[in-house]
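1. Pasting the sequence and the predicted model now:
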Amino acid sequence: MSIEANRNEETDMDAIELLTTTKGVRRRIDFDRPVPYETLEECVEIAVKAPLGGEEWQPHFLIIDDPDCKAQIGGLYNEINGPYIDDIEAKAIAAADESTHEQVRRVHETYRWHGDQMHRMPALVIVGVRGRYEDQPQIVQASAYGSILPAAWSFMLAARTKGLGATWTTLHLGNAERVGVVLKLPDDFTQAVMLAVGFHKGDTFKPATRMPASSYIHRNGW
């Protein structure tokens, strides 16, 4: 499928807007609007142009749009999601001022809700690579993941231009082996990230809120 095809959903925006407003989309996903497979395929065509550490680390994309398959993956995801969110919420509340506790609870309730809706996502996309790297030297692990993650990010950027929202998650990795069974993955396949994808409701996305860049810059040393 040519990346020139099927552009009716694409949104015009400059590079800075694209980079600063592509972020996790949860409650604004339109669960009732299917995403054409061809549109997802176009996003992959763009994503595989991302930088690679080597041809042996070419990322693979598992596109999951079958309802039964999504239900199984969603169930495995939620086995991890619920306890994980409970834990990080408790830690966040313990560390936060009492005046912000309700805000903390609202944020984590969105994460729980998103997990509960995972099976309703129009598509799930798992990005990974052939090979196992758990016991490899750090330089090999960095090279492998350094090839996978740019491609996953490029997929999110491409999806944004086509009117799609996506949420980046890795919680399914807590059940990676069972996810692999559902998807009939090769034993040597390493899953890295799952993107929950669908058309989004509304038109406006504000830039993500972060601390100033100066908070994270270390010049010539820490």
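-> Cool, the structure landed. The structure displayed is predicted, hence computed values, not measured ones. Numbering: from 1, shown residues only.

2. So in terms of bridging, what pairs with the residue minimising distance to the centre of the chain?
-> Nearest residue to the geometric centre of the chain (CA atoms, centre = their mean): W168, 2.0 Å. Going by DSSP bridges, W168 is paired in beta bridges with L195.

3. wait, doesn't it sit right on A192?
-> No. W168 is beyond contact range of A192, at 10.4 Å (criterion: CB atoms under 8 Å). In short, each C-beta sits where N, CA and C put it, glycine included.

4. Find the residues that touch each one of the two.
-> Both W168 and A192 are contacted by A152, under the criterion CB atoms under 8 Å, 6 or more residues apart in numbering.

5. What residues of the biggest helix by length in the chain count as buried?
-> Longest helix of the chain, by residue count under DSSP state H: helix 67-95. The neighbour-count check on helix 67-95 (16 or more other CB atoms under 10 Å) flags 70, 72-74, 76-81, 85, 89, 92 as buried.

6. Check the offset of stretch 50-66 from the chain's centre.
-> 14 Å (CA atoms, centre = their mean, to the nearest Å).

7. Could you work out the end-to-end span of it for me?
-> The first residue of stretch 50-66 is 27 Å away from its last residue (CA to CA, to the nearest Å).

8. what does stretch 196-216 give?
-> So stretch 196-216: terminal residues 29 Å apart, CA to CA.

9. Please work out which residues outside it touch it.
-> Contacts of stretch 196-216 (CB under 8 Å, 6+ apart): 9, 20-23, 25, 28-31, 33, 35, 40, 114, 118, 121-125, 159, 163-167, 169.

10. So L171 sits against Y77, correct?
-> Yes. With contacts counted by CB under 8 Å, L171 reaches Y77, the gap being 6.0 Å.

11. Check the residue of the chain most remote from its centre and give its pLDDT.
-> For the chain, the residue at maximal distance from the C-alpha centroid (CA atoms, centre = their mean) is N220, at 32.5 Å. Note on N220: pLDDT of 95.

12. which stretch of helix or strand covers R27?
-> Using DSSP states H and E, R27 sits within no helix or strand.

13. Counting neighbours, what do you get for it?
-> 11 (other CB atoms under 10 Å).

14. which stretches of this structure form helices?
-> 15-21, 37-47, 67-95, 101-116, 138-161, 176-182.

15. gap between the longest one and the chain center?
-> Relative to the chain's own centre, helix 67-95 is displaced by 15 Å; criterion: CA atoms, centre = their mean.

16. could you give me the average pLDDT of that helix?
-> 94.
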